[in-house]
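Asks: Below are the sequence and a predicted model for it; my questions follow.
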Amino acid sequence: MAEVEKRYWDRVGMYVTRKFAEEWIQKMGESRPTGGKHLDEDIEEFVVAGSATPVELRDEIKTIFEQPFEQVELPADTRAILFADKMERGRVAFLKERKGEGVTLDEAKDMFQEALDEGVAEILGVEVGSLAVGLGVASEDDSGADVEHDEN
């Protein structure tokens, strides 16, 4: 099997193929061009960033693929996502294995969630419990329900 040519694209925080990059660029062109916010570490505030045009993105990809392959350490947030994805893909086997060891299904689910929480927290360098990981459940205080949304 031939190896697919990939390069690390800092903009998306992962390795991409040319095909994936083109699909991503097309999807970005279809979305609203309002851009997003990013953390400016110098001023410790989130600032609005304009989104790059499809032409700029294609030039970026062209430049990336003109360079030889370079192994990079993935950002912590990307590593945490990959870890969580791997855990979720192995969830059923994890639960069945624990049940085979004699624990109840509820205990097995708690053990799974604990392993997921601990793994993500370790990767991100935070304490367990400081994140809403797993089921996406946040407390009422953290729900964002008090934020007014501008529909413009």
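Replies: Structure's in. What do you need?

Asks: And the strands in this protein, which stretches?
Replies: Remark: strands assigned in the chain by DSSP state E are 7-9, 14-16, 36-40, 45-49.

Asks: Pick out the shakiest of these, pLDDT-wise.
Replies: For the strands of the chain, the stretch scoring lowest in mean pLDDT is strand 36-40; its value is a mean of 65.

Asks: Helices of the protein, residue ranges please.
Replies: Here the chain has its helices, by DSSP state H, at 18-30, 54-66, 76-89, 91-100, 105-124.

Asks: Could you dump the ones you listed into TSV and include mean neighbour count?
Replies: All C-beta spots, glycine's among them, are computed from the backbone N, C-alpha and C. Converted to TSV, these look like this (neighbours: other Cβ atoms under 10 Å):
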stretch	mean neighbour count
helix 18-30	14
helix 54-66	14
helix 76-89	14
helix 91-100	13
helix 105-124	15
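
Asks: Compare the ones you listed and give me the one nearest Asp42.
Replies: Proximity to Asp42 (Cβ to Cβ) singles out helix 76-89 among those, at 20.1 Å.

Asks: circling back to that earlier point, so which of the helices of the chain gets nearest Asp40?
Replies: Of all the helices of the chain, helix 76-89 comes closest under Cβ to Cβ, at 17.2 Å.
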